[in-house]
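Trainee: Could you work out the structure for the sequence below:
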Amino acid sequence: MSSNQYLIDAATRHQIFLQRYGAGRSKEAVKMLNQLRRKINARLAQEPTNFQAQRLADVLRDITTISQIGFRDIKSLILMDVIDLAQSEARFSAEMINKASTIALTLPTEAALLNAVQSTPMAVVRGIAPTISESLVKLGVSKVAQIAQAVTDGVTLGETTQTISRNVNSLMSTLIKRQVMSLVSTIINHVSSVSRKQTYQQNSKYIGQYQWVSTLDGRTTFICMSRDGKAYALEEGPMPPAHFACRSTTVPKIKPEFDLGLDVKSTRPSIGSEGVEQVPTDTTYGGWLRRQNREFVDEALGIERSRLFRAGGFPLDKFVDPTGRVYTLKELEGMRPLVLSDI
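Mentor: Predicted coordinates:
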């Protein structure tokens, strides 16, 4: 087995623990969100059962202030450990690479990591690529507006204070909670990805490319399916996260003259139609998916895309354009002559 397979195995295991860390940070953010929800409920409880529209401005002012402070605190919580996480991820990358090569790695400085993490846009699709701080600010502004709108709508419809409180509770405990948790996991993967890339670039004498590694299960998105196993130049390729709540990671491609050529058996976990199993590390998402039953492939890709994929003419990277946008079925059908041209 090559050193590359060892690196994929190590990175995949590490990604599982990184996701668990992210889940813990998400729980902390949700605790703060629940505190904010209770404060908003307490403010609404100060109003009579059917408070009049003329009281709305005062209520909205207070709730907006409470919400702004709450989301500012959530932002501070998420940003608190960013540089520590960045340094930890850089050290992990170095330790992982040292196990598989003869390289004496140089770690990025704390200042370089901090600058990269703060200034690098998160590689989110739909043409939006905000920085961490911009994402958190946008979250706060949009969610404060949503909460205020829920209160305004309730008063406009003549709902009781209790009903308005229930509506706000529902909004914050479902949609807003999911969005906060998704953003936290996305930011953590972004910090990890940026830190690794900085480590790769710092040692470009030894590392020529990096390889994308996606999660092998039915929740993986089209864009991550299509990138799994692909190698990219350090300065040119995309980096995770490819979308919100992205679980993908990367491993360096060590130049042959510095590769130890490790000879150990290595696997990566997958969750397919037969349940949890370990598969060879060099298994790509496309190769793994072809071994799953029809029902699983239909669920993962959708009926029509599954039909095209199982027919053998459409590899996964044909389902998305170079920017990561998923092609429509009509666009896919139109590409058939091009896809089959060399067969």
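Trainee: need the contact list for the nearest residue to residue 81 once chain neighbours are set aside.
Mentor: Among residues not flanking residue 81 along the chain, residue 25 sits closest, at 7.6 Å (C-beta to C-beta, 6 or more residues apart in numbering). Bear in mind the C-beta positions are built from the backbone N, C-alpha and C, glycine included. Applying C-beta atoms under 8 Å, 6 or more residues apart in numbering to residue 25 gives the contacts 77-78, 81, 184, 188.
Trainee: which residues sit in contact with residue 15?
Mentor: Contacts for residue 15 (C-beta under 8 Å, 6+ apart) come out as 213, 215, 247, 249.
Trainee: Any stretches of the stretch 101-250 of the chain with poor pLDDT?
Mentor: By pLDDT under 70, the weakly predicted segments of the stretch 101-250 of the chain are 123-128.
Trainee: Going by residue numbers, what spans are helices in it?
Mentor: Assigned by DSSP state H, counting those that start in this stretch, the stretch 101-250 of the chain shows helices spanning 110-119, 132-156, 161-171, 177-202, 222-227.
Trainee: Buried deepest among those, which one?
Mentor: Stretch with highest mean neighbour count among the helices of the stretch 101-250 of the chain: helix 222-227 (a mean of 24; mean count of other C-beta atoms under 10 Å).
Trainee: Quick check: the residue nearest to residue 81 is in a helix.
Mentor: Yes: under DSSP: H, G, I helix; E, B strand; the rest coil, residue 25 sits within a helix.
Trainee: Export the helices of the stretch 101-250 of the chain as TSV, with columns for distance to residue 292.
Mentor: Shown next, in TSV, are those (distance: least, C-beta to C-beta, whole Å):
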stretch	distance to residue 292
helix 110-119	37
helix 132-156	34
helix 161-171	37
helix 177-202	25
helix 222-227	12
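Trainee: between those, which gets nearest to residue 14?
Mentor: helix 177-202 (8.8 Å; C-beta to C-beta).
Trainee: Skipping its backbone neighbours, what lies nearest residue 245 in space?
Mentor: Nearest residue to residue 245, sequence neighbours excluded (C-beta to C-beta, 6+ apart): residue 182, at 4.6 Å.
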